[in-house]
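> Need a 3D model of the following:
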Amino acid sequence: MSRMMSIRVIRRLSLEEVQGRLREMEERHGCSFEEFQERFNREGGVELLEDYVEWSYMVHALRAYREGEEFDCVIEEERELDRDLLSALTPRRIELLYAIPGLPVRSINDLAERLGRDVKNVYNDLRCLERLGFVLLRRRGRSIVPELLIEELTFVFE
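Next up is the predicted model:
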């Protein structure tokens, strides 16, 4: 009997990711959030509930940001731990996930130097973690600064 493995991730969404998800919701449902909200109020239903909750949460986070609050949108998701994801979570990349919040850095070069690693390898590892949604690489002047998006990463064995 083989055991299923997954990871549960609690992470912050970047502003750009929320904007992209909102566009996807509009395309999927063929309407604005306000129109979808009216439909949900009229029809209800479990099949609309998940999209309504997610869409509503992101819309409210974006509105608060536009009104001057700090952007904050945290989600919990579970992902199947397939070969691709497992191979992406190398010991060096996991080390980066621990190092980023513990070592305030000014750039990828600074992070690589503090960890005693090659800059190109650190950059490639960070790009992989960015594709997973675990880090965000922000440009600050001429530097690129890694920002940790995950708050919790849990391996789940079923």
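
> what's downstream of the helix or strand of the chain at the bottom of the mean pLDDT ranking, the next helix or strand?
Each helix and strand of the chain was given a mean pLDDT (mean pLDDT, DSSP states H and E); the minimum falls on helix 83-88 at a mean of 88. The C-terminal neighbour of helix 83-88 among helices and strands, as given by DSSP states H and E, is helix 91-102.

> And that following helix, what's buried?
Residues 93, 96-97, 99-100 are the ones in helix 91-102 that count as buried (16 or more other CB atoms under 10 Å). Bear in mind the C-beta positions are built from the backbone N, C-alpha and C, glycine included.

> Let me know the closest of those residues to residue 63.
Here the nearest of the buried residues of helix 91-102 to residue 63, counting by CB to CB, is residue 100; it sits at 29.1 Å.

> Wait, that closest one touches residue 136, no?
No. In this structure residue 100 lies outside contact range of residue 136 using CB atoms under 8 Å: 10.3 Å.

> joint contacts of these two?
Where contact means CB atoms under 8 Å, 6 or more residues apart in numbering, the residues bridging residue 100 and residue 136 through contact with each are 146-147.

> How is this structure partitioned into domains?
Domain ranges of the chain: 7-76, 82-149, per automatic domain parsing.

> Residues contacting the longest helix anywhere in the chain, please?
The residue-count maximum for a helix in the chain (DSSP state H) belongs to helix 46-66. Taking contacts as CB under 8 Å, 6+ apart, the residues outside helix 46-66 that touch it are 13, 15, 18-19, 21-22, 25, 28-29, 33, 36-37, 39-40, 71-73, 75.
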